[in-house]
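S.K.: Fold the following, please.
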Amino acid sequence: MQPVPRRVVKSYNVRFRLREIFEDGEGTPSLAGAVDLHAHAAPGTEDPLLLVQRASQAGMGIIVLKNLRPDQPPHVTAAAVKEQLARWCDEQGLAPCTVYHGKLTDPGDGGLDFNSVREAIDHGAKVVWMPVISSAHNLHRVGSPRRAVKAEDLPGSVIGPLSWEEARQRGQYLLDEQGRLKPVVKEILQLVADRGVTLSFAHSSKPEMEALAEECVRLGYRQAFIDHPYGPQVGLEFEDLKPFADAGIWFNFTYDEISPLLGVDPQDMFDTIKALGPEHFTLSSDGGNYLLPSAVDSYDMLVRYGRAYGLTNAELRMITVENPRKVLGLPVPAAS
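M.R.: Numbering: from 1, shown residues only. Model prediction:
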């Protein structure tokens, strides 16, 4: 008989204490004012209007729609969603959550191109993601959709995982042959710093992230974050995180990391937050596809895990309300 995995043993320890944990005087943690920096709303994930309606019902503060329908500019879709949400909330007697949209730098979204990023920011993009599914690191670690990488000579709709050498040739990589940030990457970093826009390091490799962090320090820029640092598409370890925290880079843990699809141990996630300090972290859903709960349900579940695995409601408010607003360059409301 196989030994019981560490993750499972801990989960039973937590389950046996759930009533004690959630009836300790603090009550169940709330999503009031919560900010989701990473919600999917492209075709095949979640309908953006339904997503923000549910977020408004839950009392959430802000939703950043990372991706939207590809047949029109994101700001056009986002504007329509916000208008429909305002009407619906008025009918329901609810306060609408704030809706922002993001800018991707994968080939189907304009690529790693300064003018494309600047135009998106001019039209209200609040968060810019460095290459995601087109990243060489993503292609090497987990594979990428054919449409996102140079794969005309390869069969199949999904390419890889490939060797690092081949992934570098077919995917997007942020460093030049000397290991320095390519000029366009530095230009984009300068742009987001000048405009007060947030940046995700996305699915970059550790050397790329280190170079990005160094440039952020040089610029005095403190609105950059590392998405799902323990997810296999990124693959950072605990010992990798402190230098980024010291450089002022935020970490955005997501529900997808602890989902059955990726399998990160929740105790590792929340022990990391306790060890480094909640002042360095945010939470997001990264949910909404057909194999995950909706974004709001994913976020709510992640918050519940956080409480069950040792965070207080005050700490959860810090990482769901206060910190993500700082990441977005927004004022932090006083606790009620």
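S.K.: Touching stretch 252-262 from outside, list them.
M.R.: Stretch 252-262 is contacted by residues 37-38, 200, 225-232, 264-266, 269, 273, 281-287, 291-293, 298-299, 301-302, 305, 327 when judged by C-beta atoms under 8 Å, 6 or more residues apart in numbering. (Each C-beta comes from the backbone N, C-alpha and C, glycine too.)
S.K.: Next step: the residues you listed restricted to helices.
M.R.: 266, 269, 273, 298-299, 301-302, 305, 327 (DSSP state H).
S.K.: For the residues you listed, pick the one with the most neighbours.
M.R.: The most crowded member of the ones in helices among the contacts of stretch 252-262, judged by other C-beta atoms under 10 Å, is residue 299 (29 neighbours).
S.K.: Which residue, other than its chain neighbours, is closest to that one?
M.R.: residue 285 (4.3 Å; C-beta to C-beta, 6 or more residues apart in numbering).
S.K.: so that neighbour sits right up against residue 320, yeah?
M.R.: No. Using C-beta atoms under 8 Å, residue 285 makes no contact with residue 320, being 11.1 Å away.
S.K.: how many other residues sit next to the residue nearest to residue 299?
M.R.: Using other C-beta under 10 Å, residue 285 is surrounded by 28 other residues.
S.K.: Look up how far residue 47 lies from residue 63.
M.R.: To residue 47, residue 63 is 13 Å away according to C-beta to C-beta, to the nearest Å.
S.K.: Can you find the helix or strand of this protein with the lowest average pLDDT?
M.R.: helix 18-22 (a mean of 91; mean pLDDT, DSSP states H and E).
S.K.: Tell me the helices and strands packed up against that helix.
M.R.: Judged by 3 or more C-beta pairs under 8 Å, 6 or more residues apart in numbering; DSSP states H and E, helix 18-22 is in contact with helix 295-308.
S.K.: Give me the average confidence score over the helix or strand just after the helix it packs on.
M.R.: Sequence-wise, the next helix or strand downstream of helix 295-308 (DSSP states H and E) is helix 313-317. Averaging pLDDT along helix 313-317 yields 96.
S.K.: gap between helix 313-317 and the chain center?
M.R.: Centre-to-centre, helix 313-317 and its host chain are 19 Å apart (C-alpha atoms, centre = their mean, to the nearest Å).
S.K.: re the thing from before, where's the residue nearest to residue 299 relative to residue 45, distance?
M.R.: Between residue 285 and residue 45 the computed distance is 11 Å (C-beta to C-beta).
S.K.: about what we covered before: which one among the ones in helices among the contacts of stretch 252-262 gets closest to residue 190?
M.R.: Checking the ones in helices among the contacts of stretch 252-262 against residue 190 by C-beta to C-beta gives residue 327 as the nearest, at 18.5 Å.
S.K.: Now that the closest one has come up, it's in contact with residue 249, right?
M.R.: No. Counting by C-beta under 8 Å, residue 249 is not a contact partner of residue 327; they are 10.1 Å apart.
S.K.: So which residues of the stretch 1-150 of the chain form helices?
M.R.: All helices of the stretch 1-150 of the chain, identified by DSSP state H, counting those that start in this stretch, fall at 6-15, 18-22, 48-57, 74-92, 114-122, 136-141.
S.K.: Could you export these as CSV, including distance to residue 28 and mean neighbour count?
M.R.: Below are these laid out as CSV (distance: least, C-beta to C-beta, whole Å; neighbours: other C-beta atoms under 10 Å):
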stretch, distance to residue 28, mean neighbour count
helix 6-15, 15, 13
helix 18-22, 6, 12
helix 48-57, 16, 22
helix 74-92, 23, 16
helix 114-122, 38, 17
helix 136-141, 36, 26
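S.K.: what's the overlap in contacts for residue 285 and residue 320?
M.R.: Listed as contacting both residue 285 and residue 320 by C-beta under 8 Å, 6+ apart are residue 299.
S.K.: Most widely separated two among the ones in helices among the contacts of stretch 252-262?
M.R.: Pairwise distances across those (C-beta to C-beta) peak at 22.4 Å, for the pair 266 and 327.
S.K.: ok, and for stretch 214-223, which residues are buried?
M.R.: By neighbour count with 16 or more other C-beta atoms under 10 Å, stretch 214-223 contains the buried residues 215-216, 221, 223.
S.K.: Also stretch 20-35?
M.R.: Those would be 21, 29-31, 33-35, for stretch 20-35 by 16+ other C-beta under 10 Å.
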